[in-house]
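> I would like the atomic coordinates for the input below:
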Amino acid sequence: MNLLLLLAPVAVLCTIYGVIRRGRFLFLFGYFLYGIVVVSNELLLFSETENPMRVANVLIWGTQIILAFPNPLRYDGSKAFKTFSYKTFLVFTLINCYGVCITASIANVEPIIQRIAQVYHGVLAFLPLVAIVLISKNKIPTSNHQ
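As a prediction, the model looks like this:
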């Protein structure tokens, strides 16, 4: 569990840095890594409690892992790429808004850890909206390299 507490802020910082640098790879890598953290934690909790809600959470953040899996594609500014990015980023926002809500209901966790998890999910729910604004205003550098 301690390793998960160390990886979560790394993932959030990676995503923040990706937004600041307008780097798609780091942005997605942060969501990928955070998804791994959540799925690992939920699987550990499922093995202890056998609560089916834990499996549902694994499926939700598994979706984030799949969508955020870093790949070498370069942003080319095309309408198709923009549309796909909008949809993907809105899914990240929805998943992490759910994360804010669900962490409020976690029992048997120290309140400070619960609050930190809510903040992390809140940040990860907000950052895709920033990315959508940057893409829609053409503030993301395009690449002609394929």
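> How about the lowest-mean-pLDDT helix or strand in the chain, which residues are buried there?
Ranking every helix and strand in the chain by mean pLDDT, DSSP states H and E puts helix 2-21 at the bottom, with a mean of 89. Applying a neighbour-count criterion of 16 or more other CB atoms under 10 Å, the buried positions in helix 2-21 are Ala8, Ala11, Val12, Cys14, Thr15, Ile16, Gly18, Val19. C-betas here are computed from N, CA, C, even on glycine.
> Which one of those residues is nearest to Leu26?
Within the buried residues of helix 2-21, the smallest distance to Leu26 is 3.4 Å, found for Gly18 (CB to CB).
> tell me the contacts of that closest one?
Listed by CB atoms under 8 Å, 6 or more residues apart in numbering, the contact set of Gly18 reads Arg24, Phe25, Leu26, Phe27, Leu28, Phe29, Gly30.
> What about the residue nearest to Leu7 when sequence neighbours are not counted, how many residues nearby?
Spatially, and ignoring its direct neighbours in sequence, Leu7 is nearest to Val37 (5.0 Å; CB to CB, 6 or more residues apart in numbering). Using other CB atoms under 10 Å, Val37 has 21 neighbouring residues.
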